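K.L.:
how does the following fold in three dimensions:
(2 chains)
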Amino acid sequence: EAQVTQNPRYLITVTGKKLTVTCSQNMNHEYMSWYRQDPGLGLRQIYYSMNVEVTDKGDVPEGYKVSRKEKRNFPLILESPSPNQTSLYFCASSFIKGQPQHFGDGTRLSIL
Amino acid sequence: QKEVEQDPGPLSVPEGAIVSLNCTYSNSAFQYFMWYRQYSRKGPELLMYTYSSGNKEDGRFTAQVDKSSKYISLFIRDSQPSDSATYLCATQGGSEKLVFGKGMKLTVNP
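P.N.:
Residues are numbered from 1 along each chain as shown, chains lettered A, B, ... in the order given. As a prediction, the model looks like this:
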């Protein structure tokens, strides 16, 4: 089954404690991206990757890092999380940029 | 001006009603338009994907693009309680990245 898998689905943590949200896709997609979804603001892109070792900032990259060492994986790293990063996060992938994306089921992060 | 504007609702209708969801976009160069459906505690899933102007029908769903007015619509006929979800419009915006509307929450009451 074609899917984008995110882990964890839920996480409550404290300010400053580094965390990583993993994302893996099994569709051999080249393009992957991370979004955050907040009430009243919709989906906003954090980072994206056109292919292995090629990443770039989206609209709201501050406070986040990503890496793309393998085609299927695109982890999101919060080195020093802060409460304003409390949000619902989605990983998505597509064959190329601009094509319809497949989304994971989301990771709800609460940073106290 | 935002690239895509969508009324966030919410919208509540009785079962069997025809639902109309709408978005406007700013750039006449946009060619590809999408509608996503998002159930509670799930990720958005692609519902309809259209290119340029015109209508596309899939079962009870019809996507319509009017490029002259930069208006995109999703119509749901004979709406069902299972259609209750948030619907997001999207287009391939500047720099070819996808740009999403904020989403409209729809509730279909039995």
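K.L.:
please give the element, helix or strand, for B:T50.
P.N.:
Assigned by DSSP states H and E, B:T50 falls within strand B:45-51.
K.L.:
how about residues contacting that strand?
P.N.:
For strand B:45-51, the external contacting residues (CB atoms under 8 Å, 6 or more residues apart in numbering or on different chains) are A:100-103, B:31-38, B:56, B:58, B:61, B:63, B:65, B:74, B:87. Using the backbone N, CA and C atoms, a C-beta is placed for each residue, glycine as well.
K.L.:
what sits against residue 72?
P.N.:
Going with chain A. Neighbouring residues of A:R72 by CB under 8 Å, 6+ apart: A:24-26, A:28.
K.L.:
actually it's chain B I care about, not the one you picked
P.N.:
B:22-25, B:33, B:35, B:63-66, B:89, B:91.
K.L.:
gap between it and B:S26?
P.N.:
From B:I72 across to B:S26, the span is 12 Å (CB to CB, to the nearest Å).
K.L.:
before we move on, what about A:R44?
P.N.:
Distance, A:R44 to B:S26, using CB to CB: 17 Å.
K.L.:
nearest spatial neighbour of the residue sitting nearest the centre point of chain A, skipping sequence neighbours?
P.N.:
Central residue of chain A (CA atoms, centre = their mean): A:W34, 3.1 Å from the mean position. Distances taken as CB to CB, 6 or more residues apart in numbering or on different chains place A:I46 nearest to A:W34, at 4.4 Å, with adjacent residues excluded.
K.L.:
ok, how many other residues are close to that neighbour?
P.N.:
24 (other CB atoms under 10 Å in any protein chain shown).
K.L.:
now it: phi and psi?
P.N.:
With angles defined as degrees, to the nearest 10, A:I46 shows backbone torsions of phi -100, psi -60.
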